[in-house]
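Q: model this:
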Amino acid sequence: MKFLENNPAYLYKEENDIIEIYFNTPSLQEASESDDASDSNRSMHIILRKNKNDEIEVIEAEIEGINYHKKMSNDEIEWWLNTIDVMY
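A: Numbering: from 1, shown residues only. The predicted structure follows:
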């Protein structure tokens, strides 16, 4: 989580036991090196909670964009958080 707190690409807010993370996702073109430029300007919003043991649990996560909305599963977010934790 330190990577997210200190990275200017992410908006990280923590209040009491609730953590909110906002960031713009890469476009499909950027992520897959494709020529499809139609998928851009999507943002992700993640809400987490710290329990009394300081463990993080996912409350809600979604990606929104023009004509696009997707709720993400807890498994997807936990995978993403674990990946960031291992990388940084």
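Q: rest of the way, CA atoms for contacts and neighbours
A: Noted.
Q: the longest helix in the protein is where?
A: If you go by DSSP state H, the chain has its longest helix at helix 74-87.
Q: on contacts alone, who are the packing partners of that helix?
A: Under the contact definition 3 or more C-alpha pairs under 8 Å, 6 or more residues apart in numbering; DSSP states H and E, helix 74-87 sits against strand 56-65.
Q: Check the offset of the longest helix of the chain from the chain's centre.
A: The chain centroid and the centroid of helix 74-87 are separated by 9 Å under C-alpha atoms, centre = their mean, to the nearest Å.
Q: in that helix, what's buried?
A: For helix 74-87, burial by neighbour count (16 or more other C-alpha atoms under 10 Å) applies to Ile77.
Q: hey, C-alpha coordinates of that helix in CSV?
A: In CSV, the C-alpha atoms belonging to helix 74-87 read as follows (Å, rounded to 0.1, in the frame of the first residue of the first chain):
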residue,chain,number,x,y,z
ASN,A,74,-13.1,-9.1,-4.7
ASP,A,75,-10.9,-11.7,-6.3
GLU,A,76,-9.9,-9.2,-9.1
ILE,A,77,-9.0,-6.5,-6.6
GLU,A,78,-7.2,-8.8,-4.2
TRP,A,79,-5.1,-10.1,-7.2
TRP,A,80,-4.3,-6.5,-8.2
LEU,A,81,-3.3,-5.5,-4.7
ASN,A,82,-1.2,-8.6,-4.3
THR,A,83,0.5,-7.9,-7.6
ILE,A,84,1.3,-4.3,-6.7
ASP,A,85,2.6,-5.5,-3.3
VAL,A,86,4.9,-8.0,-4.9
MET,A,87,6.2,-5.6,-7.6
